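1. Below are the sequence and a predicted model; questions follow.
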Amino acid sequence: MATTKQIVANRLNARRSTGPRSPEGKAACRFNALKSGIDAQAQVIPGEDPAQLETLVAEYQERFDASAPECRMLVDTLIACEWQFRRLNRAEASLWQFAVMDTERTFSSNDHPEGRVLDVRGREFERLQRRINATHRNYGRALKELQSIEGSAATEDAQPTEIPAPPPEPPAINPSEAAALPSNQQPASPIGSVPQLVVRPALSPADLDTAPAPQPIEGPASEVLAES
């Protein structure tokens with residue numbers, strides 16, 4: 001285990017460090033700023049500027065969300081395709097220059113350089129064009145799939161959350177209907193409450209002869225009447 005003096009000494013040495021100084025060390029750490037999943041060192045060949053690749057990676061990372069692994073793979077495909085497309089464009093221009101110089105030495109003339117190049121190097125340009133077309137197709141497929149993923153995610157975020165409807169309330173029971181129900185189907189009364197009594201108007205002597213016989217009251221209401 002490191003002592004306190006060793007820890008302090010390591011911190012002081014780290015503050016005085018200015019990074020790699022040798023060309024090999026600088027070349028090894030120049031891609032540390034790249035946060036893409038692509039193999040950055042394999043993407044740069046002699047004659048290419050690594051700073052341009054770093055700028056390209058930063059632009060695509062700002063444009064697309066590469067947090068998910070499948071999105072990161074598609075973003076890396078876009079970066080690799082565009083970087084490859086730039087390289088092929090330079091290769092086409094370089095092939096033209098090389099073929100013009102080569103055919104000039106062969107034919108000992110500088111007349112009609114384009115015709116000479118296409119006549120002698122036509123197959124090379126066809127193979128190069130197939131590489132360019134394939135790069136464009138790969139770029140288009142990756143871009144379409146990435147836009148489809150982003151569209152699906154935006155649709156899911158825009159959908160409102162459905163709130164379940166509350167359960168329907170039971171229908172209210174008329175006191176007269178509740179009194180006619182059997183005792184096992186009577187609605188439960190809250191604890192400590194007394195059912196309300198229906199106050200009926202006074203009957204005349206003539207109505208008493210035709211009025212039905214009173215029904216006995218069961219339950220807590222009968223006890224209240226007995227006490228009164």
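-> Happy to help now that I have it. Residues are numbered from 1 along each chain as shown.

2. remind me which residues of this protein are low pLDDT?
-> 1-2, 6-42, 108-109, 156-164, 170-228 (pLDDT under 70).

3. max-length helix in it?
-> helix 69-107 (DSSP state H).

4. Which strands and helices lie in contact with it?
-> Packing contacts for helix 69-107, counted by 3 or more CB pairs under 8 Å, 6 or more residues apart in numbering; DSSP states H and E, involve helix 50-63, helix 113-120, helix 122-158. Every C-beta, even on glycine, is put in place using the N, C-alpha and C of the backbone.

5. Compare those helices and give me the one nearest residue 165.
-> Closest of the helices and strands packed on helix 69-107 to residue 165 is helix 122-158, at 22.4 Å (criterion: CB to CB).

6. buried ones in the closest one?
-> 128, 135, 138, 139, 142, 143, 146 (16 or more other CB atoms under 10 Å).

7. Quick check: closest non-adjacent residue to the first one.
-> If the residues on either side of it in the chain are set aside, residue 128 comes closest to residue 92, at 5.8 Å by CB to CB, 6 or more residues apart in numbering.

8. Repeat that for the third one.
-> On the basis of CB to CB, 6+ apart, the spatially nearest residue to residue 138 that is not a chain neighbour turns out to be residue 81, at 5.3 Å.

9. got it, and the last one?
-> For residue 146, the nearest residue in space outside its immediate sequence neighbours is residue 74; the separation is 4.3 Å by CB to CB, 6+ apart.

10. which residues touch that neighbour?
-> Residues in contact with residue 74 (CB atoms under 8 Å, 6 or more residues apart in numbering) are 64, 142, 143, 145, 146, 149.

11. would you list these in JSON lines and tack on distance to residue 49?
-> Formatted as JSON lines, the contacts of residue 74 follow (distance: CB to CB, whole Å):
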{"residue": "64", "distance to residue 49": "23"}
{"residue": "142", "distance to residue 49": "24"}
{"residue": "143", "distance to residue 49": "24"}
{"residue": "145", "distance to residue 49": "30"}
{"residue": "146", "distance to residue 49": "26"}
{"residue": "149", "distance to residue 49": "31"}
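
12. So which of the helices and strands packed on helix 69-107 is nearest residue 44?
-> Comparing these under CB to CB, the one sitting nearest is helix 50-63, at 5.2 Å.

13. The closest one: which residues count as buried?
-> Quick answer for helix 50-63 (16+ other CB under 10 Å): 50, 53, 54, 56, 57, 60, 61.

14. again with stretch 75-84
-> Quick answer for stretch 75-84 (16+ other CB under 10 Å): 75, 76, 77, 78, 79, 80, 81, 82, 83, 84.

15. isn't residue 95 right next to residue 123, touching?
-> No: between residue 95 and residue 123 there is no contact under CB atoms under 8 Å: 11.5 Å.

16. surely residue 106 meets residue 117?
-> No: with contact defined as CB under 8 Å, residue 106 does not reach residue 117; the gap is 11.0 Å.

17. Of those two, give the one with the bigger neighbour count.
-> residue 117 (22 against 10; other CB atoms under 10 Å).

18. ok, for the more buried one, nearest residue in space, not its chain neighbours?
-> The nearest residue in space to residue 117 (CB to CB, 6+ apart) is residue 99, at 4.1 Å.

19. From residue 52, how far off is the one you found?
-> 27 Å (CB to CB, to the nearest Å).

20. Residue 84 - nearest residue in space that isn't next to it in sequence?
-> Here the residue nearest residue 84, using CB to CB, 6+ apart, is residue 135, at 5.2 Å.
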